[in-house]
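Participant: Coordinates for the following, if possible.
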Amino acid sequence: MLHKFNKLPTVIAVLALLVQTDLFAKTAGTNDGIAVESARGAARGLWTPTDVHSRNLYYGPGGADSRPGKRFTFIKEDLDGTNPKFDVRDENGVKWKIKLGPEVHAETAASRIVWALGYHADEDYFVEVVHVTHLPKRLHRGQNLIAADGAIRNARLEREPGDKKVGYWKWQSAPFTGTREFNGLRVLMAVINNWDLKNVNNAIYEHDGRRIYQVSDLGASFGTTGVLIRKQKAKGNLRAFRHSKFVTKVTSERVSFATPGLPSFPYLFAPWDYIARARLRGIGRNISRADAKWMGELLGQLSAKQLRDAFRAAGYSESEVDGFTEAVQKRVAELNTL
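Facilitator: Numbers count the residues shown, from 1 in each chain. Predicted coordinates for the structure are as follows:
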């Protein structure tokens, strides 16, 4: 028992440091000294006006014509992140990243909803069975998910982006901080319960001489409001999503959301990871009610069919498709009553 008490000062220190997480919440709604016109200009690289009604959420950003081929050849394993993934090339010469594990369903659905509202997203496709040739005898991760004949079940395929990645942007100091588009994105992350909002998950691409800003990893969505020790339970989990808190505080001008939330209690004994996660809470706090309603109005333009298509494309069962659609619609209605 003594070793548990020896960690008590660390736990107390972590709790004391949590007060610093409010700093971002108080400053995130302002322009941080950046000129308004400059912020608005940068926001054009974050969000593009779109006809929400016309978006096909079954095929997503890539559309029907960009679907992956039928035969794939292994290129190399990608050891970044926590989930098994590797690069392949299809018979048409197109490069794809295959991702396995608990994020494949949630990420496929989330990318479609984010894209439908005018934000940039990866071209993701869920495929029930993929066959890959020239696989190595042993992968570092995910070997147990690959059959002896190279068949892989429940895979998410991400098309290699055509634009050059030039870095990543930070939530705390984004060039578009304070804009409606930025605050709308913060609300959207709360709507889908995307709690893994580390800065490294935000990509910057160069496209025709201008910068494109994107949340490039949406896999930790549609589950809990924060990370659990068993992370697979926190992603794409209908029961967790349905029962999670959404709006936590409303004032005359501001609204706060539960996502991203605190990590589960055992993370206190990994203090630096806990602090890093806890500081993300400000992303969902202290957001303009007007901007939250703007996002609610955009989301309200999505039909039930469009939402169902997003979850169908992600490989969920019919009961899960119904459940997630109803849960999202309930959150949209809550935004529109602010």
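
Participant: tell me which residues of stretch 150-169 are tucked away?
Facilitator: With burial defined by 16 or more other C-beta atoms under 10 Å, the residues of stretch 150-169 counted as buried are Ile152, Asn154, Ala155, Arg156, Leu157, Glu158, Arg159, Pro161, Trp169. Just so you know, the C-beta spots here come from the backbone N, C-alpha and C atoms, and that holds for glycine as well.

Participant: Ok, stretch 309-323 next?
Facilitator: Using 16+ other C-beta under 10 Å as the test for burial, stretch 309-323 gives Asp309, Ala310, Phe311, Arg312, Ala313, Ala314, Gly315, Tyr316, Glu320, Val321, Gly323.

Participant: Not counting sequence-adjacent ones, nearest residue to the fifth one?
Facilitator: Going back to what we said before, that points to Ala313. Among residues not flanking Ala313 along the chain, Tyr58 sits closest, at 4.9 Å (C-beta to C-beta, 6 or more residues apart in numbering).

Participant: ok so, going back, among the buried residues of stretch 150-169, which ones are in strands?
Facilitator: Using DSSP state E, the subset of those located in strands is Ile152, Asn154, Ala155, Arg156, Leu157, Glu158, Arg159.

Participant: In terms of helix, strand or coil, where does Phe182 fall?
Facilitator: Secondary structure of Phe182, reduced to three states by DSSP: H, G, I helix; E, B strand; the rest coil: helix.

Participant: hang on, isn't it packed against Ser173?
Facilitator: No: using C-beta atoms under 8 Å as the test, Phe182 is too far from Ser173 to be in contact (11.5 Å).

Participant: neighbour-wise, which of those two wins?
Facilitator: Using other C-beta atoms under 10 Å as the criterion, Phe182 and Ser173 rank with Phe182 on top: 23 against 13.

Participant: Show the pLDDT at the more buried one.
Facilitator: Listed pLDDT for Phe182 reads 98.

Participant: nearest spatial neighbour of it, skipping sequence neighbours?
Facilitator: Phe176 is the one closest to Phe182 (C-beta to C-beta, 6+ apart), at 4.7 Å.

Participant: Quick check: that neighbour touching Lys170?
Facilitator: No: when contacts are counted by C-beta under 8 Å, Phe176 is not listed as touching Lys170 (11.5 Å).

Participant: Have a look at the two and say which one is more surrounded.
Facilitator: Taking neighbours as other C-beta under 10 Å, Phe176 and Lys170 compare with Phe176 leading, 24 against 12.

Participant: ok now do the more buried one, which residues does it touch?
Facilitator: Ala39, Arg40, Ala42, Ala43, Gly45, Leu46, Phe182, Tyr213 (C-beta atoms under 8 Å, 6 or more residues apart in numbering).

Participant: List only buried entries from these.
Facilitator: Ala39, Ala42, Ala43, Gly45, Leu46, Phe182, Tyr213.

Participant: which one is Lys164 nearest to, not counting chain neighbours?
Facilitator: Glu206 is the one closest to Lys164 (C-beta to C-beta, 6+ apart), at 4.8 Å.

Participant: Test my guess that that neighbour contacts Gly162.
Facilitator: No: if you go by C-beta under 8 Å, Glu206 and Gly162 don't touch, sitting 10.7 Å apart.

Participant: if we can go back for a sec, now intersect the buried residues of stretch 309-323 with the helices, please.
Facilitator: With DSSP state H as the criterion, helices contain Asp309, Ala310, Phe311, Arg312, Ala313, Glu320, Val321, Gly323 from among those.

Participant: Quick check: the residue nearest to the last one when sequence neighbours are not counted vs Asn194, distance?
Facilitator: Closest residue to Gly323 apart from its sequence neighbours, by C-beta to C-beta, 6+ apart: Leu238 at 4.7 Å. Using C-beta to C-beta, to the nearest Å, Leu238 is found at 16 Å from Asn194.

Participant: What ranges in the stretch 151-300 of the chain fall below the confidence cut-off?
Facilitator: Segments of the stretch 151-300 of the chain classed as low confidence (criterion: pLDDT under 70) are 229-232.

Participant: before we move on, could you check phi and psi at the residue most central in space within the chain?
Facilitator: With distances taken as C-alpha atoms, centre = their mean, Leu218 lies nearest the centre of the chain, 2.2 Å away. Phi and psi for Leu218, reported as degrees, to the nearest 10, are phi -110, psi 20.
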